[in-house]
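Colleague: Sequence and predicted structure are below.
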Amino acid sequence: MTRIIAGGARGARLEVPGAGTRPTSDRVRESLFGALESLSAISGARVLDLYAGSGALGLEALSRGAASADLVERGRQAAAIVRRNAAAVAKATGAPAGRVHESSVHAFLQRAAGPFDLVFSDPPYDLDDAAMTADLVALAPLLASDAVVVVERARRSAPPDFAAAGLEIFREKSYGDTTLWWAELSAETDGDAVQGSAAQPETESQSR
């Protein structure tokens, strides 16, 4: 059983789909959200949680003061669980529930309006690099100018091709077999893609 770590819904229990998803561990979530709060990236944010699974990332953000959260999950059973979890968090906080979209990520991004201030992308580890890049390219036009994008993948994976979407890494952190990459819109973005290679990430101790 997963729980909301902090905020208005602290301690609220979240159901986790039995198969086909890979929930972010409590340790990783706690570290991630501590860092996001240090950047003032959560309060009032419009959040997008891609490959939502249980919805724990987007719902944690709502519990901590995000203005809204759109949670995208293709699996029918998993999407039903996200809806129940969103209702539980809304009941605990008294705020509107997160919006759950039963859809593939790429299809959702093709029709979404945005802008989004904070995006979580926690795809299945077997998602190939081309599909990951296509998601980022489709996401980029939906981002606010100061948006933060956090991608979670297996530590053995190479970084996604952020440069193809006009994004650059500004932080990278590994936890066991999991790596988080943090990205923002590049100053060099020309509306289509960054020219040249992606910037190298700063060390974890440096601020954005």
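Modeller: All right, it came through fine.
Colleague: all contacts plus neighbour counts: C-alpha atoms, from now on.
Modeller: Will do.
Colleague: who touches Met132 in this structure?
Modeller: By CA atoms under 8 Å, 6 or more residues apart in numbering, Met132 lies in contact with 160-161.
Colleague: ok, and what's touching the helix or strand hosting Val119?
Modeller: Using DSSP states H and E, Val119 falls within strand 116-121. Residues outside strand 116-121 that contact it (CA under 8 Å, 6+ apart): 41-42, 45-51, 57-58, 142-144, 146-152.
Colleague: Buried subset of those residues as a ChimeraX selection?
Modeller: In ChimeraX syntax, the buried subset of those is picked out as below (16 or more other CA atoms under 10 Å):
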select :41,42,45,46,47,48,49,50,51,57,58,142,143,144,147,148,149,150,151,152
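Colleague: In helices only, show me the contacts of strand 116-121.
Modeller: 57-58 (DSSP state H).
Colleague: Which members of the contacts of strand 116-121 are positioned in strands?
Modeller: 46-50, 143-144, 146-152 (DSSP state E).
Colleague: Now render these as a markdown table, adding distance to Glu102 and pLDDT.
Modeller: Shown next, in a markdown table, are the ones in strands among the contacts of strand 116-121 (distance: CA to CA, whole Å; pLDDT from 0 to 100):
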| residue | distance to Glu102 | pLDDT |
| --- | --- | --- |
| Arg46 | 19 | 98 |
| Val47 | 16 | 98 |
| Leu48 | 14 | 98 |
| Asp49 | 12 | 98 |
| Leu50 | 11 | 97 |
| Leu143 | 21 | 98 |
| Ala144 | 24 | 98 |
| Asp146 | 27 | 97 |
| Ala147 | 24 | 98 |
| Val148 | 24 | 98 |
| Val149 | 21 | 98 |
| Val150 | 21 | 98 |
| Val151 | 20 | 96 |
| Glu152 | 21 | 94 |
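Colleague: now, which of those sits nearest Gly166?
Modeller: Leu143 (10.9 Å; CA to CA).
Colleague: and that closest one, what is it in contact with?
Modeller: 114-117.
Colleague: how much space is there between the spatially most central residue of the chain and Val47?
Modeller: Centrality entry for the chain: nearest residue to the mean C-alpha point is Phe120, 0.5 Å, by CA atoms, centre = their mean. Phe120 is 8 Å from Val47, where distance means CA to CA, to the nearest Å.
Colleague: Please apply the same query to Leu167.
Modeller: Taking CA to CA, one finds Leu167 at 18 Å from Val47.
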